[in-house]
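Visitor: Next input, structure requested:
(chains A and B)
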Amino acid sequence: DAGVIQSPRHEVTEMGQEVTLRCKPISGHNSLFWYRQTMMRGLELLIYFNNNVPIDDSGMPEDRFSAKMPNASFSTLKIQPSEPRDSAVYFCASSTRLGGLSEQYFGPGTRLTVT
Amino acid sequence: GESVGLHLPTLSVQEGDNSIINCAYSNSASDYFIWYKQESGKGPQFIIDIRSNMDKRQGQRVTVLLNKTVKHLSLQIAATQPGDSAVYFCADQGADAGNMLTFGGGTRLMVKP
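Guide: Numbers count the residues shown, from 1 in each chain, chains lettered A, B, ... in the order given. Just a heads-up that it's a prediction; the model follows:
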């Protein structure tokens, strides 16, 4: 089991550029989550998909952020245009709901730096 | 006003001692609880979970205690080792929350050799 795969692991970009973060969930998992972690705000849920459908995007900071899940094995989080305050570690997690319990498995994260 | 960084409570213990990390949750409807460990530069990793119909669950060197009356969760680590140094998060899930977890702010555990 390869676990949740995220790419790139590190991204450095200039303000105003488009950034795309990628995630491959664990095979067979039907739920996918995007989180952002900063020293200021801790771990924040951005958006959550179930069976490839966005369920709750109330955590997405603003319209510059968008997320897609075109199929069960791939999701993207896009920031356009990026700003220095978007610098953070972005985690993707996946889970499968069995009997009402759903442990989430986290990827290694993408560290984004916007200069 | 001036914004401040998230201040993580820190627990410092001597190698070999037992550690107890505490967590309070707010949703009385939560029925599932998880402890995660996050080492520097890595994503959170599952340690142990507990359902609301239990008040104690033991794993290897770890025990989770749940007190639903006061909405309190604790993680006990026996014979703490340097490799246990990390940030520990509790998370809870309500029956009506889909697969969403609500994470606490985290506690940093530092183990002194």
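
Visitor: Count the residues that sit near whichever residue of chain A sits closest to chain B.
Guide: Per CB to the nearest CB, A:F106 is where chain A lies closest to chain B, at 3.4 Å. All C-beta spots, glycine's among them, are computed from the backbone N, C-alpha and C. When neighbours are counted by other CB atoms under 10 Å in any protein chain shown, A:F106 registers 22.

Visitor: In contact with the residue nearest to B:R57 when sequence neighbours are not counted, which residues?
Guide: Using CB to CB, 6 or more residues apart in numbering or on different chains and skipping residues adjacent in sequence, the residue nearest B:R57 is B:I50, 4.5 Å away. Contacts for B:I50 (CB atoms under 8 Å, 6 or more residues apart in numbering or on different chains) come out as B:Y32, B:F33, B:K56, B:R57, B:V64, B:L66, B:L73.

Visitor: Could you rerun that using 10 Å?
Guide: By CB atoms under 10 Å, 6 or more residues apart in numbering or on different chains, B:I50 lies in contact with B:Y32, B:F33, B:I34, B:W35, B:K56, B:R57, B:T63, B:V64, B:L65, B:L66, B:L73.

Visitor: re earlier: per-residue confidence for the residue of chain A closest to chain B?
Guide: At A:F106, the predicted lDDT confidence score is 95.

Visitor: partners of it in the sheet?
Guide: A:A93 (DSSP bridges).

Visitor: May I ask which helix or strand encompasses the residue nearest to B:R57?
Guide: Taking DSSP states H and E as the criterion, B:I50 maps to strand B:45-51.

Visitor: residue contacts, the residue lying closest to A:I5 once chain neighbours are set aside?
Guide: Nearest non-adjacent residue to A:I5, counting by CB to CB, 6+ apart: A:K24, 4.2 Å away. Counting by CB under 10 Å, 6+ apart, A:K24 touches A:2-7, A:32, A:73-75, A:92, A:94, A:107.

Visitor: related to what we said a few turns ago, got the contact list for the residue of chain A closest to chain B?
Guide: Residues counted as contacts of A:F106 (CB under 10 Å, 6+ apart) are A:3-4, A:6, A:33, A:35, A:43, A:91-94, B:36, B:38, B:42-46.

Visitor: B:K42 now?
Guide: Per CB under 10 Å, 6+ apart, neighbours of B:K42: A:V89, A:F91, A:F106, A:G107, A:P108, A:G109, B:A86.

Visitor: Please apply the same query to B:Q58.
Guide: Residues near B:Q58 by CB under 10 Å, 6+ apart: B:I48, B:V64, B:L65, B:Q76, B:A78.

Visitor: So what sits opposite it in the bridge?
Guide: In this entry, B:Q58 is beta-bridged to B:T63, by DSSP bridges.

Visitor: all strands of chain B, in order?
Guide: Shown for chain B, the strands assigned by DSSP state E span residues B:10-14, B:19-24, B:30-38, B:45-51, B:56-58, B:62-67, B:72-77, B:86-94, B:102-103, B:107-112.
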